[in-house]
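Peer 1: everything below, folded, please.
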Amino acid sequence: MDAEQLAAAQACRDVVVASAHAVDARDFDAFAALFTDDAVLVRPNGDALHGRAAILAAYRQRDPARLTRHVIGSHAVELLDANTARSRCYVVVWGGHADDAPTPQGRPADATQMVGEFADELVRTAAGWRIRRRDASFALFRR
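Peer 2: Next up, the predicted model:
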């Protein structure tokens, strides 16, 4: 890859990581802004959210006491051309509740932790790289 391709691949990774950080920070406006207006987000249960507005509305309905941390790894980006890319990464999701008292080690995690994947299609827009489609799935869980 040349320098321009490396920069594009890193920009795509940055968008994916920023999406996880935004969800964990409960900044759903920032999360939705990382998707194109006509994006599709397929949730692990198979439900598809069509469009940025639907994505934002769905995430705003999340339990306000729910805490999550998404840990992303094994992230690969394939540039299809100068303006489109595919990204795939593994995601480990830990969850807990804001109602639980914090300790020096943090709050207790739920008994269930999940390992899944984000398979994203990204496009370069005037605002930078954005997710056009995300297929989120879980492969493993522990209870």
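Peer 1: would you list every one of the strands in this structure?
Peer 2: For the chain, applying DSSP state E gives strands covering 35-42, 48-50, 66-81, 84-97, 113-125, 128-142.
Peer 1: between the ones you listed, which one is nearest to residue 106?
Peer 2: Nearest to residue 106, of all the strands of the chain, is strand 84-97, at 7.9 Å by CB to CB. C-beta here means a position set from N, CA and C on the backbone, and glycine is covered the same way.
Peer 1: name the helices or strands packed onto the closest one?
Peer 2: Packing partners of strand 84-97 (3 or more CB pairs under 8 Å, 6 or more residues apart in numbering; DSSP states H and E): helix 3-24, strand 66-81, strand 113-125.
Peer 1: in the last one, what counts as buried?
Peer 2: Neighbour counts using 16 or more other CB atoms under 10 Å place 114, 116, 117, 118, 120, 121, 122, 123, 124 of strand 113-125 among the buried residues.
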